[in-house]
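Student: With the input below, show me the fold.
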Amino acid sequence: MRGNPLGDIRAENDEEMLDKAFLETADYKTLLEASDRSVVVGRRGTGKSALVHQLKKYWLKQPKTFIVSIAPEEDQIIGLRGLFSSFGDNFIHIKAGSKIAWKYALYMELIIQIKNHYKLTKFINDNVVNPHISTWGKPNQNVATKIRNKLKSVLNLEESSESIVADLSSNLHLDEIEEQLLNVIDNSSLKFILLVDRLDEGYSPDNLGVAIVDGFVQSVIDLNSKFHNKIRGIIFLRDNMYRSITIKDPDFTRNIEGQVLRLHWDEYGLFNLVCNRIRIAYNISQENNNKLWSSCTARELKGREGFRLCLKLTLYRPRDILVLLNNAFLNASSQGRQEIISEDIDASAKSISQNRLYDLHKEYESIFPALHAFTSTFVSSIPILSVIQASEFINKVLSHDNHSLEVQRDLAIFENPMQVLQRLYGVGFIGIENSTTGTFVFCHDGRDPSTEVSEHSKLFIHPCYWLALNISQDFLEIEQAEEIYDEYDIEISSISVEQRQARLGKLIEEVKVIKPGREDCHEFEKWCLDAIRLIFAGTLSNIELHSNKNGLQQRDIIATNVSLVPVWKRLIEDYKCRQVVFEIKNYAQLKSDDYRQMNSYLSNDHGTIGFIICRSDNNNLEKGKELNWAQELYFQHKKIVVKLSEKYLLKHLSKQRSPQKHDAANIELNKLVDTYLRQYLIVKSG
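Tutor: Below is the predicted model:
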């Protein structure tokens, strides 16, 4: 018996089954009938590559239609990272260079097709295209290899990154290639289809990796727009890649508005897909799918309810159900049975559940770094929880600050467990009970949910994760199990970004109503605490208010230096500062007593450097006062007191909105310490 009787889970290895049993879904028909969908988005295992295979097969049979299929290889994408890094560190610059490079690659693949067609070659100027063709590479080479070799020949790595990007189009002679393509399109009735798949090969969710993919997507969109449907490009993206682009590129969703098709699978579609494959795999002539399924199952697995029982262990994706049933049929065959039973399903369900949880973590690691920590806290819990019960699990994570830098920064944005639960719902980990129908609603496609978690919500951990988390499967009877209602037609953005923007915006506005002076000093202390927790998340831990030596009515902020970034490593190594002191002053003009008070703090684990936060609009020291007091402490006691203004905190709260600028506060702080040592705390001659 075949190892995978219902077919391989990778479309590249499943062509025989796809050719015989492909299910023509509504999404497939949309791509055939509507020319305005150029970006197809789906999570892992939703059948993107299967769609590419079938679309290619269909269009190859159409008259006057040429197919160009592009699927980059992992090693070559990794190699491209080195070249694309010459475009600099700025995301926009990398995207711009990537877009030009991929556009050239697409144009060249089309030119090669045209040159090989006897009727079209007369519209091509050989003097223009032949030099490009001769350096483009062999037909059997991967497109990523070709563009990599081409870039090596035209990039001058001694120039600035800005110059490299600015000169790239002219160095590639992109305009003259485009002119040749336009001439062919204007003089022929032929149609070209570009299918771009497997962009996740070699993909990394950092600035460079996202910009490489973003540039590719933009090049396909530009091509569709410029060639008026005579050339149609369709690019297939994993959901996590799509979401990463929307986070890092604010113009992306505007540029592709109305061009996205999100793959959707429901029980009906998955049931028909499975039955099609069973019919081919076991050579069954039964046309009624309900009867077909029941003929291959026994006991509680019979009928649609039995199939629904299997779906409980999946994320409503073809890959999940095929893996589950392939193993079940193999297990039944090894015991001499032709019908599968629930024990066959259970035999492989644990490893499948673990794989599903791993997939979830992997898929959202760049946009939800704390996801693994939150899901792990539900180990050995119960599947149905109240918000209060779930919040207790969430607080176990939120109350600790010994996580990695990226996780700690993610945690810092959450004000309460409710926000975490909303995000867990958004990635499909938990469902929310519909109070009207009594069913549980899940969001399976990574899109932002419209259903909100409230204090009275009843939550349900998705059954496909139960075995991985050691949650009892016997908790629910089949008739009590959830019905899945995926949420569609919702504007796609990032729930994590929206939470971050709202949290930061709220904090930035709050300080405007806090009056300087004694009356609102506690409000300002609390505001500074929240600001520091957000700005220095992951670099400082155990950040809390602490009554100062001057009296119980005033509080400073104490934080543990975990020395994960250069400035805080420096403060430990040079100034022995393990417990960082931030003295809070709810006024703009500092006094000599403020510096003397800080001097009394700076000993033992506090080291010889501390910070005073005040309501000033800059970090500069005022000559004759603040400068003299700072110099007195330094020259007499070898201690440094650094002034941090309210404006400094506000500026870096605002910068926290951008993923590229999360470390800006640490970088500026390092420069500020340099300013003290090089400018303020030196003995000037004369």
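Student: N229 contacts S35, correct?
Tutor: Yes. In this structure, N229 is within contact of S35 by Cβ atoms under 8 Å, at 5.2 Å. Heads up, the C-betas are built off the backbone N, CA and C, glycines and all.
Student: quick one, helices of the stretch 251-400 of the chain?
Tutor: Assigned by DSSP state H, counting those that start in this stretch, the stretch 251-400 of the chain shows helices spanning 252-255, 267-281, 289-295, 303-311, 318-334, 342-363, 371-376, 387-398.
Student: Quick one: closest of the ones you listed to K103.
Tutor: Closest approach to K103 among the helices of the stretch 251-400 of the chain (Cβ to Cβ): helix 252-255, 14.5 Å.
Student: Need the three-state assignment for I557.
Tutor: Using DSSP: H, G, I helix; E, B strand; the rest coil, the structure places I557 in strand.
Student: That one - how many residues pack around it?
Tutor: 23 (other Cβ atoms under 10 Å).
Student: out of everything not next to it in sequence, what's closest to it?
Tutor: In this structure, I557 finds its nearest non-sequential neighbour in F582, 4.0 Å apart by Cβ to Cβ, 6 or more residues apart in numbering.
Student: Could you list every helix and strand that the helix or strand containing the one you found packs against?
Tutor: In this assignment (DSSP states H and E), F582 forms part of strand 579-584. Contact analysis of strand 579-584 by 3 or more Cβ pairs under 8 Å, 6 or more residues apart in numbering; DSSP states H and E lists helix 521-535, strand 555-561, helix 592-601, strand 609-614 as its packing neighbours.
Student: tell me the contacts of the closest residue to N470 other than its chain neighbours?
Tutor: Spatially, and ignoring its direct neighbours in sequence, N470 is nearest to S380 (4.8 Å; Cβ to Cβ, 6+ apart). Contact analysis of S380 by Cβ atoms under 8 Å, 6 or more residues apart in numbering lists L469, N470, I471.
Student: Quick check: buried residues in the helix or strand I572 falls within?
Tutor: Per DSSP H and E, I572 falls inside helix 566-575. Residues V567, W568, R570, L571, Y575 are the ones in helix 566-575 that count as buried (16 or more other Cβ atoms under 10 Å).
Student: Could you verify my assumption that the first one touches V673?
Tutor: This points to V567. Yes. Between V567 and V673 there is a contact at 7.0 Å, judged by Cβ under 8 Å.
Student: Please enumerate the shared neighbours of the two.
Tutor: Contacts common to V567 and V673, judged by Cβ under 8 Å, 6+ apart, are absent.
Student: Backbone dihedrals for the closest residue to Y107 other than its chain neighbours, please?
Tutor: Once flanking residues are discounted, Y107 sits nearest to I177: 4.7 Å by Cβ to Cβ, 6+ apart. When read as degrees, to the nearest 10, the backbone of I177 gives phi -70, psi -40.
Student: Name the next helix or strand downstream of the biggest helix by length in the chain, please.
Tutor: When the chain is parsed with DSSP state H, its longest helix is helix 91-115. Using DSSP H and E, the next helix or strand after helix 91-115 towards the C-terminus is helix 126-134.
Student: Could you pull out the strands in the stretch 401-550 of the chain for me?
Tutor: 430-433, 440-441, 458-461, 540-547 (DSSP state E, counting those that start in this stretch).
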